[in-house]
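Novice: coordinates only, sequence not included:
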């Protein structure tokens, strides 16, 4: 009898183990994980300093997304090296759905600017969504003699490398805008790099440099106050935040169109359920009236719905990488 009891217990153990495995599998199934996510705060990595244009966009979106996700979206600023430090950090982060990256054009320009890059923007990330476009403006110091763009072209021709063009550092979109401007005009400008948008703008406001190409999130307030001269915007059509400002294209400058576009990425291998839920919260934020008002104040434009998807961002990044690689290589300027 004792032997039979032990035999019964032994025979029952596989059944217990099978039941336990089935129970664990049920709780770890994609459906259950999707319901549980997120169970803790999510980190959105920003490659640039607090208070800068990308940071403002991230904090605006993060606050609204947190309400949808019922979790805090923490903003973590990891600055330096044109955004490559933040991108490298995110690429190597645990792909558990709790680390995301918001980045601009720098994701597309990094492979050409950095000959030794620790990650591949096209293969080392999962894609969430493209977010917004921000127009750029070509502005000059308040006392620059040229009153409009036509006079500016003549001024550039007459003064050559005496004219200075500031940018926020190699790899910044203001740097790329300057490269396009120099190539489009053929002007032999002297470029002056700064450690960020803020210092570059301060130099322009202080009259230490002549020109700066930067996004409306940084320049609109100074344009409207008359603290700088506006020579044009870099979009194909005029923009709502500065409706009276002519584009550079309509003033005869071809090849200078550029906007600051932002996308959100995750480490490769992040669960699809997490990406989908985070993406849904993002798209909800983009149609939130308060968010729309704030983005409009910053001069930002929400991208069409076709780009608000993983596939939309992936396609756009590939196109932008192919577009700017020859431009950067022709300029012969590298960041490493």
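Specialist: Sure, I can see it. No experiment lies behind these values; they were computed from the predicted model shown. Numbering: from 1, shown residues only.

Novice: how about residue 251, what does it touch?
Specialist: Shown in contact with residue 251 (C-beta atoms under 8 Å, 6 or more residues apart in numbering): 149-150, 232. The C-beta positions use only the backbone N, C-alpha and C, and glycine is treated the same way.

Novice: Make a ChimeraX selection of the buried ones in those residues.
Specialist: The ChimeraX selection below is limited to those of these classed as buried (16 or more other C-beta atoms under 10 Å):
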select :149,232
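
Novice: between the contacts of residue 251, which is nearest residue 110?
Specialist: residue 232 (27.5 Å; C-beta to C-beta).

Novice: In strands only, show me the contacts of residue 251.
Specialist: Those of the contacts of residue 251 mapping onto strands are residue 232, per DSSP state E.

Novice: For the nearest residue to residue 125 once chain neighbours are set aside, grab the count of nearby residues.
Specialist: Nearest residue to residue 125, sequence neighbours excluded (C-beta to C-beta, 6 or more residues apart in numbering): residue 265, at 4.2 Å. Neighbours of residue 265 under the rule other C-beta atoms under 10 Å: 28.

Novice: Residue 265 against residue 128, yeah?
Specialist: Yes - the pair residue 265 / residue 128 is scored as a contact, 6.3 Å apart, by C-beta atoms under 8 Å.

Novice: For the contacts of residue 251, could you give me a markdown table that also reports distance to residue 99?
Specialist: Shown next, in a markdown table, are those (distance: C-beta to C-beta, whole Å):
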| residue | distance to residue 99 |
| --- | --- |
| 149 | 44 |
| 150 | 49 |
| 232 | 39 |
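
Novice: could the contacts of residue 251 go into TSV alongside distance to residue 335 and pLDDT?
Specialist: Conversion of those to TSV gives the following (distance: C-beta to C-beta, whole Å; pLDDT from 0 to 100):
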residue	distance to residue 335	pLDDT
149	30	97
150	34	96
232	27	97
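
Novice: anything in contact with each of residue 265 and residue 128?
Specialist: Common neighbours of residue 265 and residue 128 (C-beta under 8 Å, 6+ apart) are 100, 313.

Novice: that older thread, surely the residue nearest to residue 125 is in a strand?
Specialist: Yes - counting by DSSP: H, G, I helix; E, B strand; the rest coil, residue 265 is found in a strand.

Novice: What's opposite it in the beta bridge?
Specialist: Using DSSP bridges, the bridge partners assigned to residue 265 are residue 101, residue 127.

Novice: Just give me the neighbour total for residue 224.
Specialist: 12.

Novice: Count the neighbours of residue 259 for me.
Specialist: With other C-beta under 10 Å as criterion, residue 259 counts 24.

Novice: Tell me if I'm right that it and residue 134 touch.
Specialist: Yes - between residue 259 and residue 134 there is a contact under C-beta under 8 Å: 6.2 Å.

Novice: Sketch out the strands for the stretch 151-300 of the chain, chain order is fine.
Specialist: 164-167, 190-193, 211-215, 228-233, 259-267 (DSSP state E, counting those that start in this stretch).

Novice: Quick check: which of the ones you listed is nearest to residue 60?
Specialist: Going by C-beta to C-beta, the one of the strands of the stretch 151-300 of the chain nearest residue 60 is strand 259-267, 11.3 Å.

Novice: Run through the neighbouring helices and strands of the closest one.
Specialist: Where contact means 3 or more C-beta pairs under 8 Å, 6 or more residues apart in numbering; DSSP states H and E, strand 259-267 is packed against helix 53-69, helix 84-92, strand 99-103, strand 125-141, helix 272-286, helix 310-331.

Novice: I'd like those laid out as CSV, including mean neighbour count, mean pLDDT and distance to residue 207.
Specialist: As requested, these are exported to CSV (neighbours: other C-beta atoms under 10 Å; pLDDT from 0 to 100; distance: least, C-beta to C-beta, whole Å):
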stretch, mean neighbour count, mean pLDDT, distance to residue 207
helix 53-69, 21, 95, 23
helix 84-92, 20, 97, 32
strand 99-103, 25, 98, 33
strand 125-141, 24, 96, 5
helix 272-286, 19, 97, 39
helix 310-331, 16, 92, 27
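
Novice: Out of these, which gets nearest to residue 201?
Specialist: Judged by C-beta to C-beta, the one of the helices and strands packed on strand 259-267 that comes nearest to residue 201 is strand 125-141, at 9.0 Å.

Novice: rewinding a little: pick the most buried one from the strands of the stretch 151-300 of the chain.
Specialist: Sort those by mean neighbour count, taking mean count of other C-beta atoms under 10 Å, and strand 211-215 sits at the top with a mean of 28.

Novice: Sheet partners, orientation included, of it?
Specialist: strand 125-141 (antiparallel), strand 164-167 (parallel).
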